[in-house]
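*Asks:* Test case, fold it:
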Amino acid sequence: MSLDDIFISVKTSKQFHETRLNVILKTWFQLAKASTYFFTDFSDEETSILTNGHLIVTSCPSDHSRQALSCKMQAGFDTFLKSEKSWFCHFDDDQYVNVLALEDKLRTFNANQDWYLGKPSIERPLEIIDRDSPDLQKKISFWFATGGAGFCL
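*Replies:* Here you go, the predicted structure:
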């Protein structure tokens, strides 16, 4: 297992391209250029060049709503699924990633098994109505991570 097996997704927005994203690009991104992709709501040619073409512009809302966050998460995960990498790790643009420690930690887990490494970003499971139930009375409960402190699958 090496860094080439890790897909690093970073969720960001236009308002943070010149601040948070710039810090990432000058620090830990230098160790993981080929593995790191940035999911944003704004096309920015200069930032796209600085990210080696790894700036993915989504059609997600630019706000901080659950819908917008989930939309960017989906875009990141969909891109990962096309990548043939073993691990999907997701972080927000206000986090520092110790790339070498991340690689060392993931090396201790079998990527062929199901893992959720990280803390859920909500304090209890989400509940939604099961649209397949005949009377729409049945609820489904599940955990969903939108980012928070970062996680790997």
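
*Asks:* count of neighbours near the nearest residue to Ala32 once chain neighbours are set aside?
*Replies:* In space, and not counting its chain neighbours, Ala32 is closest to Val99: 4.8 Å by Cβ to Cβ, 6 or more residues apart in numbering. No exception for glycine: its C-beta is placed from N, CA and C like everyone else's. Around Val99 there are 20 other residues, counting by other Cβ atoms under 10 Å.

*Asks:* Number the chain from 590, please
*Replies:* Done: numbering now begins at 590, and the last item shifts to Val688.

*Asks:* hang on, Val688 packs against Leu592?
*Replies:* Yes - with contact defined as Cβ atoms under 8 Å, Val688 counts as touching Leu592 (7.0 Å).

*Asks:* Show me whatever sits in contact with both of these two.
*Replies:* 620-621 (Cβ atoms under 8 Å, 6 or more residues apart in numbering).

*Asks:* low-confidence ranges in the protein?
*Replies:* 733-737 (pLDDT under 70).
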